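[1] below are the sequence and a predicted model; questions follow.
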Amino acid sequence: MKPVRCALIGYGAWGSHHARAIVESPQAELVGIAARSEASQAAARGALPGVRVVGDYHELLTDPSIEMVDVVLPSDLHHRVGLDVLRAGKHLLMEKPMAINEAQCDDLIRCAKEQSRLLAVGHEFRLSSLWGKARAMIDEGAIGTPQYALIELWRRPYRLGASGWRYDIQRVGNWILEEPIHFFDLARWYFSGAGNPVSVFARANSKQPDHPELQDNFSAIVNFPGGAYAVISQTLSAFEHHQVVKITGTRGALWASWSGALDRTFHPSFSLKHFDGTDVREIPIEKPTGEVFELVDEINAMAAAIRQGAPLPASGEDGRWSVAMCLRAQESVDSGKPVSFRTS
């Protein structure tokens, strides 16, 4: 298969990992990088001397040989830049969150359809050999019908991001859109057999009385049709990076865990246990798991979708649902009441 010619917009701490993933993918070729700051441009040139580096991403969008663009920018820029990419006739891989509100998500979905371009959203947890194995076992009936899930993260505070954008609520949207969005997506994915979620009740608090919008601790209960529910919980007031997913069903249970010094460590520890109602056994995981590994799989999946028509791991519609779930959770935090999901 001919490698897909790719451009990357954004070369910060996470963007550099996307660049590495594209380079490591046998199905993709990195031919251009757009970075706003001179420091980021210099870093990109030093790391990737054979790749064109520019300051204005529009220069890359005029290159007819570029087929796909990977956007890794602060959240408030996703809508505008994403529309520019699609209108230039390029396939789009958008880092999560897809956008900071549902109207912007709708714009991107509509534009992708109008341009007949693919729109994928970076929910790379779906490609994990660990979290994905849990989904595969659910599909195989290993625990019967899923009834309950706990998705919990214990971690250090967020990085500031370039120019401190992640701590500017006008730019980030809200902190639920940052990392809990992955967990909302996982919950919806694991309970897909039950249907889309129907309501959410959430709580949050902050260590900073003068910045209550910067929520260090967050928990939500997401309700699904038929009585199934998921508990999603995160603290940013801790240390290292430890995530657990526990899922129980009518005939068994799964317990998955992942730990590392940072979220992007290349040397994590991880495990998956299955209880069949009688015995507990350790499930082998086929390869190392973590966001830095799944990025390569995400690029491969995007290339396969472009070249072979393979399904996207997370479509624009999936990305919109994840944003909607986070926004309804924020509404619940603000009101102190459960909030239903709108169906349109």
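    Received the coordinates, thanks.

[2] going along the chain, name the strands of the stretch 51-200 of the chain.
    Taking DSSP state E, counting those that start in this stretch as the test, the strands found in the stretch 51-200 of the chain are 52-54, 68-71, 91-95, 119-122, 146-155, 199-205.

[3] buried ones in the fifth one, by neighbour count?
    Just to be clear, that refers to strand 146-155. 146, 147, 149, 150, 151, 152, 153, 154, 155 (16 or more other Cβ atoms under 10 Å). Every C-beta, even on glycine, is put in place using the N, C-alpha and C of the backbone.

[4] neighbours around residue 49, how many?
    8 (other Cβ atoms under 10 Å).

[5] contacting residues for residue 223?
    Shown in contact with residue 223 (Cβ atoms under 8 Å, 6 or more residues apart in numbering): 197, 198, 199, 200, 229.

[6] er, residue 215 actually
    Applying Cβ under 8 Å, 6+ apart, the residues contacting residue 215 are 174, 175, 176, 204, 205, 206, 333.

[7] and residue 133, which of the strands of the stretch 51-200 of the chain is closest to it?
    strand 146-155 (14.8 Å; Cβ to Cβ).

[8] other SSEs contacting that closest one?
    helix 180-190, strand 229-235, strand 241-249 (3 or more Cβ pairs under 8 Å, 6 or more residues apart in numbering; DSSP states H and E).

[9] to residue 42, which of the strands of the stretch 51-200 of the chain lies closest?
    Nearest to residue 42, of the strands of the stretch 51-200 of the chain and by Cβ to Cβ, is strand 52-54 at 8.6 Å.

[10] name the surrounding residues that touch the closest one.
    With Cβ under 8 Å, 6+ apart, strand 52-54 has contacts from 31, 32, 33, 34, 35, 41, 44, 45, 60.

[11] go again using 6 Å as the cut-off
    Residues from elsewhere that reach strand 52-54 (Cβ atoms under 6 Å, 6 or more residues apart in numbering): 32, 33, 34, 41, 44, 45.

[12] follow-up on the earlier one: ranking the contacts of residue 215 by neighbours, who comes first?
    Most surrounded of those: other Cβ under 10 Å gives residue 176, at 27 neighbours.

[13] now render the helices and strands packed on strand 146-155 as JSON lines, adding mean neighbour count.
    Listed next are the helices and strands packed on strand 146-155 as JSON lines, based on neighbours: other Cβ atoms under 10 Å:
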{"stretch": "helix 180-190", "mean neighbour count": "25"}
{"stretch": "strand 229-235", "mean neighbour count": "21"}
{"stretch": "strand 241-249", "mean neighbour count": "20"}
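
[14] tell me where the longest helix sits in the protein.
    Looking across the chain with DSSP state H, the single longest helix is helix 316-335.

[15] re the thing from before, for residue 287, find the nearest of the strands of the stretch 51-200 of the chain.
    The nearest among the strands of the stretch 51-200 of the chain, by Cβ to Cβ, is strand 119-122 at 19.5 Å.

[16] show me what the closest one is packed up against.
    Using 3 or more Cβ pairs under 6 Å, 6 or more residues apart in numbering; DSSP states H and E as the contact criterion, the elements in contact with strand 119-122 are strand 91-95.

[17] what is the strand it packs on packed up against?
    strand 68-71, helix 78-87, strand 119-122.

[18] in its sheet, which strands sit next to it, and in what direction?
    Strands that pair with strand 91-95, judged by DSSP bridges, come out as strand 68-71 (parallel), strand 119-122 (parallel).
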